[in-house]
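>>> give me a 3D structure for the following:
(one chain, ligands or ions: 2)
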Amino acid sequence: MLLRSFTRDLIPNELRQYFFTKFHHFLSTFTNDISLIINEFDGLNKNQLFDAAEIYLATIPNPSTKCFRASLPEKEKKIHVSIGQNEDLIDKFCGIQLKWKMVSKQTQARYVPYSNPYNSTINSEIKYLVLCFHKKHKIKVIDEYLPYVLERSKAVKEEKKTLKLHTLKNQRVYGPGISNYPWESVTLDHPSNFETLAMDDEIKNMILDDLNTFLKRKEFYRKVGKAWKRGYLLFGPPGTGKSSLIAAMANYLNFDVYDLELTDIRCNSDLRKLVISTANRSILVVEDIDASIDLSQRKKGAPKPPQPIYYDQHNQGSKVTLSGLLNFIDGLWSSCGDERIIVFTTNHIDKLDPALLRPGRMDVHIHMSFCTPCGFKMLVNNYLGIKGPHPLALAGERLIASTKVTPAEVGEQLLKSDDPEITLRGLIVFLERRKESEMIREEESSEVSNQVIVPKMDNFGGLEELLKMSKRENIVKKNEVTNALKILIEFLEGEFEKGNVKDPKSSLGLSEEVTASPEE
Ligand SMILES: Nc1ncnc2c1ncn2[C@@H]1O[C@H](COP(=O)(O)OP(=O)(O)OP(=O)(O)O)[C@@H](O)[C@H]1O
Ligand SMILES: [Mg+2]
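Ligands and ions are numbered 1, 2, ... in the order given. Next comes the predicted model:
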């Protein structure tokens, strides 16, 4: 003790450290093991290798380990297990024995800038992992074992992942501007999936194929010089399953969802910050895009000034513009992040600016239509468990083919009773009533349509106009549109046989992505 206080007083700290290191080196010449230190932080940032190793180590079965740490993070379902402090863990890789140890030391708290998102975890504890192995395996461990640890941890993370729904923080609560991390999240526990979704099998399979192809194409996108992202535009009346499809996609891909409410964003630069701060492997959703953008001036063909989406009451100068939005899809969006899916939804596709519909912006356009017989069958199966042919279900199918009812409405009817028979009878009465009221409305609207100038049928322009008008319900007589389409299809088939038309679909002015049959 005397000697220790004597050396402490007389020999400077640096010199003592020097001797200590030399002594350590001297001792280490007698052992063939080397150690690799993996710190929790790399400067102020989290060390990803540390995180990955911690996740990986929790998966190694090691009966000799006596101490683990378990935690249940807030709002998560799964318990996180990690290696205990100063515990040894033995792993084997290609015949190499590797010894891991988690070391934790208490030190004095140091200053951490408040903008660091991890500031709450850096206080007085320094954690690092020590990996010991024979020195002859150094290259193999660094080049093969550590990448293997990273790969495994990624897979484990994916398996355990609890889906999150991120929404914008309330700026009134968190202060003006987006200075900190702008998103707040809740666990996304939406039960919708592709089995429960009532859609035609053809469209469903097309979406699944498209998603699978997208996931596999990392190298392809790089090769062709495109950002690894995919845009979906879901359009259709309310209650046809647009939001449910987004949830099903998130569940299928295991991607987090970012719900971007454009009216809550003050200006283009905030939009940019928000997009940059979203994580990879995520779905960014902008619901009801038509309600967020005022396109009236652009439609009239006037030179386009920046279109404000939203004016902040307190700051009239700041705004989100259409060009800002397009920039984030194409320009800036392309350069930040990988494996992103962006989904726009709208109830009125005809109100959208053509710039948003240009090929390359939204890669896939999906029409979520009223309930079809195929969708009806799925709903009956899901809600009532009726799989095979059932007389009442068949009657419902027949009725649904000629009625405009949304899957949401059918779902509501199917929830009415526990008894399938009673439920189906109620549903049929509902459908019949709906059909009646539709017929009455059609008759009324045919009177109105007499006053409407129906476009001439002698050219494609007229047909196109008619098709557009047919979308605006109650203006054009339904059978007039059907007749127009019949004439068009007959004409195209004739031209196709003569060899004048190569592709009847593109002659209809439909893009490749439109999945409607000519009849539709
Ligand atoms: N295709 C569908 N398959 C199964 N259930 C559906 C479908 N469409 C709608 N539903 C049911 O109706 C409810 C509302 O649907 P959803 O919110 O997905 O419609 P939406 O198209 O997003 O409507 P909105 O345009 O109003 O946002 C869902 O919770 C779901 O139960
Ligand atoms: Mg919706």
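>>> drop to CA atoms for contacts and neighbour counts, all remaining ones
Noted.
>>> relative to Leu36, how far out is Phe328?
42 Å (C-alpha to C-alpha, to the nearest Å).
>>> these two: who's more crowded?
Neighbour totals were compared for Phe328 and Leu36, and Phe328 leads with 19 against 14 (other C-alpha atoms under 10 Å).
>>> my guess is the more buried one meets Arg272, correct?
Yes - at 6.8 Å, Phe328 and Arg272 qualify as touching, with contact defined as C-alpha atoms under 8 Å.
>>> report the set of residues contacting both of those two.
Residues touching both Phe328 and Arg272 (C-alpha atoms under 8 Å, 6 or more residues apart in numbering): none.
>>> for stretch 20-40, measure first residue to last.
From its first residue to its last, stretch 20-40 covers 25 Å (C-alpha to C-alpha).
>>> three-state assignment of Arg441?
For Arg441, the secondary structure call by DSSP: H, G, I helix; E, B strand; the rest coil comes out as helix.
>>> got a pLDDT number for it?
Listed pLDDT for Arg441 reads 85.
>>> and the gap between it and Lys435?
10 Å.
>>> neighbour-wise, which of these two wins?
A side-by-side neighbour count of Arg441 and Lys435, using other C-alpha under 10 Å, places Lys435 first with 18 against 12.
>>> these two touch, right, the more buried one and Arg398?
No - counting by C-alpha under 8 Å, Lys435 does not reach Arg398; the two are 11.7 Å apart.
>>> need the residues touching each of the two.
Between them, Lys435 and Arg398 share no contacting residue, judged by C-alpha under 8 Å, 6+ apart.
>>> now do the strands in the stretch 201-350 of the chain.
Applying DSSP state E, counting those that start in this stretch to the stretch 201-350 of the chain gives strands spanning 229-235, 256-259, 282-286, 340-346.
>>> need those in CSV with distance to Lys105, mean pLDDT and mean neighbour count, can you?
CSV is the format used below for those (distance: least, C-alpha to C-alpha, whole Å; pLDDT from 0 to 100; neighbours: other C-alpha atoms under 10 Å):
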stretch, distance to Lys105, mean pLDDT, mean neighbour count
strand 229-235, 43, 91, 22
strand 256-259, 35, 91, 24
strand 282-286, 36, 91, 23
strand 340-346, 40, 91, 22
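>>> out of these, nearest to ligand 1?
When the strands of the stretch 201-350 of the chain are compared by C-alpha to the nearest ligand atom, strand 340-346 sits nearest ligand 1, at 6.8 Å.
>>> which helix or strand contains Phe376?
Counting by DSSP states H and E, the element that carries Phe376 is helix 373-384.
>>> that helix near ligand 1 anywhere?
No - if you take C-alpha under 6 Å from any ligand atom as the test, helix 373-384 misses ligand 1, and the best it gets is 6.6 Å.
>>> close to ligand 1: what parts of the stretch 101-250 of the chain are there?
Counting by C-alpha under 6 Å from any ligand atom, the stretch 101-250 of the chain sits next to ligand 1 at Thr196, Leu197, Ala198, Met199, Pro237, Pro238, Gly239, Thr240, Gly241, Lys242, Ser243, Ser244.
>>> what's the most distant pair in those?
Thr196 and Pro237 (19.2 Å; C-alpha to C-alpha).
>>> show me which residues of the stretch 351-500 of the chain are close to ligand 1?
Pro407, Ala408, Gly411.
>>> the last one contacts Leu379, correct?
Yes - assessed by C-alpha under 8 Å, Gly411 is found in contact with Leu379 at 7.0 Å.
>>> looking at these two, which one has more neighbours?
The residue with more neighbours, out of Gly411 and Leu379, is Leu379; 24 against 18, by other C-alpha under 10 Å.
>>> show the pLDDT at that one.
So Leu379 comes in at 92 (pLDDT).
>>> skipping its backbone neighbours, what lies nearest it in space?
In space, and not counting its chain neighbours, Leu379 is closest to Ala198: 6.1 Å by C-alpha to C-alpha, 6 or more residues apart in numbering.
>>> does that neighbour sit in a helix, a strand or a coil?
Look at Ala198: counting by three-state DSSP, its state is coil.
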